[in-house]
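Novice: Predicted model follows, preceded by the sequence.
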Amino acid sequence: MAQSTVRDFADRTGVPLDRVLIQLREAGLASDDPDATLSDADKSALLEHIRKTHGRRDDSEDGGPSQITLKRRSHSQLKMPSGGGERRSPRGSRGAGAGRTVNVEVRKKRTYVKRSVVEAEAAEQDVQVLERVLQQDVTAAEEARQAEAQRQADAAAQAEADRQAREAAEAAEAEARAAEGGTAADAESATAGSETAAEPAQSPADLEAQTQKTESEAARNKEIEDDKERKRLEAEAKREREAEERAARKASRGKGKARKKAESGGRRARKGGAAGAASSALQQGFEKPTAPVVRDVQVPENITVGDLAQRMSVKAADLIKEMMKQGVMATINQAIDQDTAVLLVEELGHRPHIVREDDLEDEVLSQTTEPEGTEEPRSAVVTIMGHVDHGKTTLLDYIRRAKVASGEAGGITQHIGAYRVHSERGDLTFLDTPGHEAFTAMRARGAQVTDVVILVVAADDGVMPQTEEAVKHARAAGVPLVVAVNKIDREEADPDRVKNELVAREVVPEEWGGDVQFIPCSAINGQGVEELLEAVALQAELLELKAVRDCPASGVVVESSLDRGRGPVATILVQNGILEQGDTIISGTEFGRVRAMLDERGERVKSAGPSTPVVILGLSGLPEAGDEVLAVEDERKARELVDRRREKSRDKRLQAQKAAKMDELFNSMQDEAVKTVNLVIKGDVQGSVEALTQSLANLSTDEVRIVPVATGVGAINESDVNLAIASEALLIGFNVRADAKARRLAQENDVKPHYYSIIYDAIDQLRNAISGMLEPETRENIIGTAEVREVFRSSQLGQIAGCLVVDGVVRRRNPIRVLRESVVVFEGELESLRRFKDDVREVQSGTECGIGVKHYNDVRAGDQIECYERITVERTL
Ligand SMILES: Nc1nc2c(ncn2[C@@H]2O[C@H](COP(=O)(O)OP(=O)(O)OP(=O)(O)O)[C@@H](O)[C@H]2O)c(=O)[nH]1
């Protein structure tokens, strides 16, 4: 096909010249010159390019809609005046002057096509035209080339045929000439001549064919080369693109969270008006860290493996692996100690920072623990101690002129109460500690907040075990004693006996050269009570008790309980500062604001100074008796401190539970015969629960173990019942009952809550129950002894011992022992028991008899035969 210029080609195809030039440029073929010639090879290359790129444009579109159809609907109303002057309102109601209203709805629809789509379509059409024309041209060129080759081949074949014909003719001619006498030389030369003549006829056609062949081969080679190069470049570009995409994907995965956060931050920033800088900064991709990231890790005193892994941003599994390498086996939720955690953090290349839990404590409590300020005199805190029923409550009752004892269940004080008593010698604060041994622990605490102990000893009873205990506690706490020798109104009262007995315990009366005041008194008729108060006041004076008033308030919890209407209620004794209503306080693991304060008469007070007992409302939970109470200024820090304390106590509890479980397992492995009685104990106040738990736990023996699995303050609830069911525990309510749900659950599961209001009863009943669990004891009872006087041999009966029953009765069916010089030589049973010739069932003391011992033929004169019985005895504790 004839070569043409680009312009000609564009004209022929009808495609704009620009577009043809663009296509050629994209195919990498032509310059910008429209008059450059376009060879067949160029056209082939262009066609190939078009085929490759044709249709790709659709894929590269952004995927958005190529056209949008908008529909609009508008409503309007036309009001038509009615002919009869009557009008109808839009709702159809008739009214004066109303016309007819017609609703008109206009619908419009318009379709917009994307400009780029239209243009792309035009370009695509042009390209299709180009492709078609090029295809035609290339096909035509190919066909022409093939026709030309055919023609040349035909010409060559014709020439060859001619030459052969000519040669044949000439050969025939030469033969004829030879036959006529011609030489062979002539023939040869003729042959050569014919060959030479034939040569010029073949050469021009061959040359042209060869030249064309070489040219097309070169073009094809070039095409192949170009194609290879293009493919290589394309593959390279593709590889680069894919690598970029991979990196971007990875970055987006890795930074997913961060980006979300950043984006939200960005949104916030945009909202705030600072959009530009923020959003451009956020678009950066993921940057692979070039060096290991070293983190600063806070290591508290106790931390779980999972938590530590999170702080280091490593997987928990990796941390556990690392621990295994170090020889530590732990699960993800297991708490590890600070030292181990520090080692692990260092091992993993981070910087540990040891967090001392006391830091926060110190910070929050610095102002309160050591009060600074002017010290002022304060009234004494007095505790009454003594043996059960020696008259503690009656004495306090007399002193504060209120009937406390009469209102108490069983007449025994069940929990610590605190009362302020006004006397002529100033105020005294009394902590009423119960006298039962069960309250030992509480009493010990009472002694610690106490300035003076009144030791009540009944003059008719003398020193008893708890009197001694009280002396020990007072001594241990370094608290001075004042002895109230009570019940002197009784006839059998013997105050001197009390003195003597106490002197033996190194409590020496002043009048006998000691330092302890002994005051004889009667709590019933009040005799000597004034003197007692005077003695206490005197003792307090000697102590020169002081407190700081102008400092943050601090004190101690005396008792706490849960009140149905008021929530947690705590009796506290203020020791320093002035506690005001509204103060923020912390106590142990509890936190709160003092909502209300009540004094010992239940009257509201706004503030309470040193040595004042008050009941406070507003704590988050029940603090333990003996816990410190502190008023704090920084509420946030105080809350944080309480949270940390709770965490700590929970950890401790968990660890203790684990230890307990291990111990239990170990014990049960060691001795499976040991029976366990589990208890779930609920009570009205913390002190009672503690005391009851301790007393009941003390009933444990080697054979029966008492395990209080759960204790708490408040009504018995569903969870208590569930726990009792699960652990097969006895459910005990002390001055509390099961709520409705708990009752139902208990009934359904045949669990019976045991209610008590007197600690003695609970102890006695449990003791009886435990007694029932003890294995009965088998005892031996010797019922008779016979002395062997003589031994006979009978052919029928074997050896027979002639005996005299010296003690009790010997029975035929009972087991026997043979004793020789008081040593058992045989144990077995009787073969026969005879009186004279008769078999008898038993022989009484003082009677002779013949005894045959089964399976024993060595009974000798002088031996003793002991007859006994086995009896089973029920055991009690
Ligand atoms: N005659 C006489 N009886 C007294 C006197 N003091 C107490 N009692 C009686 O002794 C009994 C026990 O008195 P409480 O005051 O309940 O004894 P307690 O030491 O408080 O007992 P617990 O609360 O169990 O620790 C009561 O019946 C009192 O009436 C007294 O001075 N004289």
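Specialist: Sure, I can see it.
Novice: what packs against the longest strand along the chain?
Specialist: As assigned by DSSP state E, the longest strand anywhere in the chain is strand 777-794. Here strand 777-794 touches strand 798-811, strand 848-853, strand 864-873, going by 3 or more C-beta pairs under 8 Å, 6 or more residues apart in numbering; DSSP states H and E. Backbone N, C-alpha and C define where each C-beta goes, glycine included.
Novice: wait, which of those is closest to the ligand?
Specialist: The closest of the helices and strands packed on strand 777-794 to the ligand is strand 864-873. By C-beta to the nearest ligand atom, the value is 34.5 Å.
Novice: neighbours of the closest residue to residue 230 other than its chain neighbours, just the number please.
Specialist: Among residues not flanking residue 230 along the chain, residue 28 sits closest, at 7.3 Å (C-beta to C-beta, 6 or more residues apart in numbering). Residues near residue 28, counting by other C-beta atoms under 10 Å, number 13.
Novice: Spell out the secondary structure type for residue 501.
Specialist: helix (DSSP: H, G, I helix; E, B strand; the rest coil).
Novice: So the closest residue to it other than its chain neighbours versus residue 145, what's the distance?
Specialist: Counting by C-beta to C-beta, 6+ apart, residue 501 lies nearest to residue 463, which is 3.9 Å off, once chain neighbours are set aside. Using C-beta to C-beta, to the nearest Å, residue 463 is found at 138 Å from residue 145.
Novice: Those two: who's more crowded?
Specialist: Ranked by neighbour count (other C-beta under 10 Å), residue 463 and residue 145 place residue 463 first, with 22 against 14.
Novice: Pretty sure the more buried one sits against residue 494.
Specialist: No - counting by C-beta atoms under 8 Å, residue 494 is not a contact partner of residue 463; they are 11.7 Å apart.
Novice: Show the contacting residues for the nearest residue in space to residue 583 that is not next to it in sequence.
Specialist: Distances taken as C-beta to C-beta, 6+ apart place residue 631 nearest to residue 583, at 4.4 Å, with adjacent residues excluded. By C-beta atoms under 8 Å, 6 or more residues apart in numbering, residue 631 lies in contact with 368, 552-554, 577, 579-580, 583-585.
Novice: one more time with 6 Å, if that's ok
Specialist: 552-553, 583, 585 (C-beta atoms under 6 Å, 6 or more residues apart in numbering).
Novice: Give me the phi and psi for it.
Specialist: Main-chain torsions, residue 631, degrees, to the nearest 10: phi -90, psi 130.
Novice: and residue 396, how far is that from the ligand?
Specialist: 8 Å (C-beta to the nearest ligand atom, to the nearest Å).
Novice: That residue: what secondary structure?
Specialist: Under three-state DSSP, residue 396 comes out as helix.
Novice: Number of residues surrounding it?
Specialist: Neighbours of residue 396 (other C-beta under 10 Å): 25.
Novice: Mind pulling the model confidence for it?
Specialist: Note for residue 396: predicted pLDDT of 81.
Novice: Also the one 5 residues further on?
Specialist: On pLDDT, residue 401 comes in at 64.
Novice: need the residues of the stretch 201-350 of the chain near the ligand, please.
Specialist: Taking C-beta under 6 Å from any ligand atom, no part of the stretch 201-350 of the chain reaches the ligand.
Novice: number of nearby residues for the one residue in the stretch 251-400 of the chain that gets nearest to the ligand?
Specialist: Of all residues in the stretch 251-400 of the chain, residue 391 sits closest to the ligand, at 2.8 Å by C-beta to the nearest ligand atom. For residue 391, the count of nearby residues is 26 (other C-beta under 10 Å).
Novice: how near is it to residue 493?
Specialist: Distance of residue 391 to residue 493, given as C-beta to C-beta: 12 Å.
Novice: for the residue of the stretch 251-400 of the chain closest to the ligand, phi and psi?
Specialist: Taking degrees, to the nearest 10 as the convention, residue 391 sits at phi 110, psi 30.
Novice: how about it, what does it touch?
Specialist: The contact partners of residue 391, by C-beta under 6 Å, 6+ apart, come to 456, 486, 523.
Novice: do residue 377 as well
Specialist: Residues counted as contacts of residue 377 (C-beta under 6 Å, 6+ apart): none.
Novice: Can you spell out which residues form a bridge with it?
Specialist: residue 546 (DSSP bridges).
Novice: Next: the one 5 residues further on.
Specialist: Residue 382 has the following beta-bridge partners by DSSP bridges: residue 430, residue 452.
Novice: Pull the residues that contact stretch 601-612.
Specialist: Against stretch 601-612 from outside (C-beta under 6 Å, 6+ apart): 378-379, 381, 429, 547, 574-576, 578-581, 597-599, 614.
Novice: and stretch 530-546, how far out from the chain's middle?
Specialist: In this view, stretch 530-546 has its centroid 55 Å away from the chain centroid, taken as C-alpha atoms, centre = their mean, to the nearest Å.
Novice: what's in contact with it?
Specialist: Contacts of stretch 530-546 (C-beta under 6 Å, 6+ apart): 375, 378, 380, 382, 423, 425, 451-452, 480, 482, 484, 517, 519, 521.
Novice: Could you confirm whether it reaches the ligand?
Specialist: No - applying C-beta under 6 Å from any ligand atom, one finds stretch 530-546 separated from the ligand by no less than 11.4 Å.
Novice: Give me the buried positions along that stretch.
Specialist: Burial within stretch 530-546, assessed by neighbour count using 16 or more other C-beta atoms under 10 Å, is assigned to 532-537, 539-540, 545.
Novice: got a markdown table for the contacts of residue 391, with neighbour count and pLDDT too?
Specialist: A markdown table is the format used below for these (neighbours: other C-beta atoms under 10 Å; pLDDT from 0 to 100):
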| residue | neighbour count | pLDDT |
| --- | --- | --- |
| 456 | 28 | 92 |
| 486 | 33 | 94 |
| 523 | 27 | 90 |
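Novice: So for stretch 42-57, mean pLDDT?
Specialist: Mean predicted confidence for stretch 42-57 is 73.
Novice: Any idea how far it is from the middle of the chain?
Specialist: 65 Å.
Novice: OK, contacts around the spatially most central residue of the chain?
Specialist: In the chain, the centroid-proximal residue (C-alpha atoms, centre = their mean) is residue 333; its distance is 7.2 Å. Residues near residue 333 by C-beta under 6 Å, 6+ apart: residue 304.
Novice: let's number from 31 now, not from 1
Specialist: Done: numbering now begins at 31, and the last item shifts to residue 363.
Novice: name the element it belongs to?
Specialist: Using DSSP states H and E, no element contains residue 363; it sits outside every helix and strand.
Novice: List phi and psi for it.
Specialist: phi -90, psi 0.
Novice: likewise residue 274?
Specialist: phi -60, psi -40.
Novice: Is it correct that residue 503 falls within a strand?
Specialist: No - per three-state DSSP, residue 503 lies outside any strand segment and is helix.
Novice: Next, count neighbours for it.
Specialist: Other residues close to residue 503 by other C-beta under 10 Å number 22.
Novice: downstream neighbour of the helix or strand residue 678 falls within in the secondary structure list?
Specialist: Assigned by DSSP H and E, residue 678 belongs to helix 665-700. Where DSSP H and E defines the elements, the next helix or strand beyond helix 665-700 is strand 705-713.
Novice: Pairing partners for that next one, with directions?
Specialist: Counting by DSSP bridges, strand 705-713 is paired with strand 734-743 (parallel), strand 759-764 (parallel).
Novice: Please point out which parts of that strand sit buried.
Specialist: For strand 705-713, using 16+ other C-beta under 10 Å, the buried residues are 706-713.
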